[in-house]
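Novice: please find the sequence and the predicted model below.
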Amino acid sequence: MRLLRPVSFDPQADLAAVADFARRWRSLFRPAEVSYTPEHFRAELERLGQAQELRLYLVTRPARPIALAILDGLKQGDLLELLALAPLEDRVEVRPWLTSPAQRRALMAQAPGEPSGQGVYAFALGRPQGMALIDLEPEGLVLALARWGRHNVLDAEPLLAQRLALLGREIQRLGRPRD
């Protein structure tokens with residue numbers, strides 16, 4: 001991971017915190033060694049509400065996150081605008097404290113045993129503490145990057161180069177003559 005400028009936080013530690021948060025969040029819906037209650041996440045959200053500064057991580061595969069963007073230096077007002085980009089309907093998956101454990105398990109009964117890891121997930125991390133998973137649909141992600149993209153400290157060049165190399169290998173594989 002290469003950054004565009006020096007930062008006052010450790011991105012690797014933040015990504016480890018994102019993975020831990022994702023594991024805890026998953027315990028709301030799936031059997032786990034330790035299950036966390038919705039109150040645990042409400043307390044995280046309250047701590048986030050007290051944060052002086054915020055960072056927004058856009059990641060793929062939250063269990064083993066790969067950062068696509070790190071928006072640093074956001075303020076509480078920015079967090080409110082960001083939350084306004086989330087879907088407005090009363091989605092239970094986003095607000096698990098509104099349901100019982102049995103209702104949460106029923107929600108996941110139809111889901112595959114393991115998450116696909118596909119998609120982009122938005123995690124807000126507060127300084128000095130607090131964290132939340134923000135449900136943003138693709139339109140919300142685009143608007144967030146349009147609004148706060150200037151705060152991105154992550155250099156996208158290495159990630160793009162890696163993806164282009166993978167694409168090149170796949171094109172070579174598919175272009176080979178079949179015997």
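Specialist: Everything's here; your move.

Novice: immediately after the lowest-mean-pLDDT helix or strand in the chain, which helix or strand?
Specialist: Taking mean pLDDT, DSSP states H and E as the measure, the chain has helix 101-108 as its least confident helix or strand, at a mean of 69. Reading on from helix 101-108 to the C-terminus, the next helix or strand found by DSSP states H and E is strand 121-127.

Novice: tell me which helix or strand comes right after that next one.
Specialist: strand 131-134.

Novice: which strands or helices does that next one pack on?
Specialist: helix 11-26, helix 38-49, strand 121-127 (3 or more C-beta pairs under 8 Å, 6 or more residues apart in numbering; DSSP states H and E). From N, CA and C alone the C-beta is placed, and that goes for glycine too.

Novice: flag every buried residue along the second one.
Specialist: By neighbour count on 16 or more other C-beta atoms under 10 Å, the buried set for helix 38-49 is Pro38, Phe41, Glu44, Leu45, Leu48.

Novice: pLDDT score for the residue lying closest to Ala124 once chain neighbours are set aside?
Specialist: Distances taken as C-beta to C-beta, 6 or more residues apart in numbering place Ala132 nearest to Ala124, at 4.9 Å, with adjacent residues excluded. Predicted confidence (pLDDT) at Ala132: the value is 93.
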